[in-house]
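[1] Quick one: sequence and predicted model below, then my questions.
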Amino acid sequence: MQKSCEDISEMLVDYVDGELPPDKSSEVAEHLPECERCRKTVEALQRSLELAGVIWKDGLEEAKGIQVPVPVKARRVRWSRYAAVAAALMLVVSSAIVWRVVVSSKEKEPTVAEIEREISESASAAQLLAVTDLLAQYRDAGAIAQRQYQYIVERYPGTAAAAEAKLRIH
Amino acid sequence: MNETNAGFGTEVDQGVSERPSDVVRILLGQFGHLKRIIAGMGLSASDAEDVLQDVAIQALKQPGKWRSEEEGVRWLIKVTVNGCLMEHRRRRSFRRRASEIMKRWSETRGGSKGPGEKAIAAEELEMVREGLRELDGSLLTPMVLRYFCDLSSTEIGQMLELKPATVRSRLREARMTLAERLIERGVGP
């Protein structure tokens, strides 16, 4: 018995992905020349995945540059200290940003998006600095920590954490 | 794409109990894969960095919680996906406009397309970008893991604690949702 268009359309994704058993795949293949709607769906399924791939690959290019510090030798990490350092840095950074926003408002009004971005970057830089400070305490991790400090300086210029990181570069 | 594994956990040494130094090794070995997931989930570089740092901190906080390397890899992927989903729910994913993506894309392809064709592709790309942005996390995650990370439905099911049939069903729904966007707008390939 010939399958209805509705039955066929339920198999189209698996058909395009090549995951249908041969007999089902043949049914779809026989139906397609007769049905413009299903043909268009197949084309749209292929096209949308192709374009999603373009978007994903573009994101991957950006993500490739991300560096994340990880201790080379595991040992007990004093998380309370990490939290305290991060909190202190966050406080300093937030105060500096608020001060800068208030004081410089006469010169140029920053947009909400700019403030949000600045806070977000300062927070990321502070977090990275705190983790790198921890990393610097590990034996044999000096070179990695130095690279991380350099990264903070280059990636987050103008932040308090970048200024701190600059001081730690030998 | 075939149902093949693109290297996620390919160096998995099953049954080996994990020591603190193993956590670091597994973590370092998986960073490339985790970056791929994060990119697929549409996070910006700074959000991606935050998610990766959070994953690293969570992993290092509790050494000894993984019974095998395979479990460690699954755990890392799961925590990364959860971090990405939080950003996705906050509408912070897929924020780069299609025009920016198109510009970089055409540069890498050497500008081989004509202006008319580029305009159509940019419009289509924007629709798909919006579609990915608006997809529910339960549909986006399997789609990224399957079509961008080349994991099989079974592997995705293990990571997300779903049956393979449920994964397939979600993949179908996600694919049809994106395809319908193109069909509704009448933009053909």
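    Perfect, I can see it now. No experiment lies behind these values; they were computed from the predicted model shown.
[2] low-confidence ranges in chain A?
    A:1-2, A:69-82, A:103-109, A:138-141 (pLDDT under 70).
[3] just the helices in it please.
    For chain A, the helices defined by DSSP state H cover A:5-9, A:12-16, A:22-31, A:36-63, A:79-103, A:112-136, A:142-155, A:160-168.
[4] Pull out the buried positions in the first one.
    Which is helix A:5-9. Neighbour-count burial for helix A:5-9, counted by 16 or more other Cβ atoms under 10 Å in any protein chain shown, picks out A:I8, A:S9. The C-beta positions use only the backbone N, C-alpha and C, and glycine is treated the same way.
[5] So is that helix next to chain B?
    No - using Cβ under 8 Å from any Cβ of the partner chain, we find that helix A:5-9 stays clear of chain B, coming within 8.5 Å at best.
[6] Which elements pack onto that helix?
    helix A:22-31, helix A:36-63 (3 or more Cβ pairs under 8 Å, 6 or more residues apart in numbering or on different chains; DSSP states H and E).
[7] ok, now the last one?
    Here helix A:160-168 is seen to pack against helix A:79-103, helix A:112-136, helix A:142-155 when contacts are counted using 3+ Cβ pairs under 8 Å, 6+ apart.
[8] So what angle separates the directions of that helix and helix A:79-103?
    120 degrees (axes from the mean of the first three to the mean of the last three Cα atoms, to 10 degrees).
[9] any residues touching helix A:160-168, and which ones?
    Residues outside helix A:160-168 that contact it (Cβ atoms under 8 Å, 6 or more residues apart in numbering or on different chains) are A:89, A:92-93, A:96, A:122, A:125-126, A:128-129, A:132-133, A:136, A:145, A:148-150, A:152-153, A:156.
[10] what comes up buried for that helix?
    A:A160, A:A161, A:A162, A:E164, A:A165, A:R168.
[11] Repeat that for the fourth one.
    The neighbour-count check on helix A:36-63 (16+ other Cβ under 10 Å) flags A:38, A:40-45, A:47-49, A:51-52, A:54-60, A:62-63 as buried.
[12] again, but for stretch A:86-94
    A:A86, A:L89, A:M90, A:V93.
[13] ok, and the closest non-adjacent residue to the third one?
    If I follow you right, that is A:M90. In this structure, A:M90 finds its nearest non-sequential neighbour in A:A126, 5.6 Å apart by Cβ to Cβ, 6 or more residues apart in numbering or on different chains.
[14] The first one too?
    Excluding the flanking residues, the one nearest A:A86 by Cβ to Cβ, 6+ apart is A:A130, at 4.4 Å.
[15] In chain A, which residue is most central in space?
    Nearest to the geometric centre of chain A sits A:A63, at 6.1 Å (Cα atoms, centre = their mean).
[16] where are the low-confidence patches of chain B?
    Residues of chain B that meet the criterion pLDDT under 70 lie in B:1-21, B:62-63, B:109-120, B:187-189.
[17] Try it again at 50.
    Counting by pLDDT under 50, chain B contains low-confidence residues at B:1-6, B:9-18, B:189.
[18] the helices in it, which residues?
    Applying DSSP H to chain B gives helices spanning B:20-40, B:45-61, B:69-89, B:98-108, B:115-134, B:137-147, B:153-160, B:164-184.
[19] Switch these over to a markdown table; also include mean neighbour count and distance to chain A.
    Below are the helices of chain B laid out as a markdown table (neighbours: other Cβ atoms under 10 Å in any protein chain shown; distance: least, Cβ to the nearest Cβ, whole Å):
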| stretch | mean neighbour count | distance to chain A |
| --- | --- | --- |
| helix B:20-40 | 21 | 4 |
| helix B:45-61 | 20 | 5 |
| helix B:69-89 | 20 | 11 |
| helix B:98-108 | 15 | 5 |
| helix B:115-134 | 17 | 4 |
| helix B:137-147 | 23 | 6 |
| helix B:153-160 | 19 | 9 |
| helix B:164-184 | 19 | 4 |
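[20] For the helices and strands packed on helix A:160-168, please prepare JSON lines with the additional fields distance to A:E19.
    Output for the helices and strands packed on helix A:160-168, formatted as JSON lines (distance: least, Cβ to Cβ, whole Å):
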{"stretch": "helix A:79-103", "distance to A:E19": "46"}
{"stretch": "helix A:112-136", "distance to A:E19": "41"}
{"stretch": "helix A:142-155", "distance to A:E19": "43"}
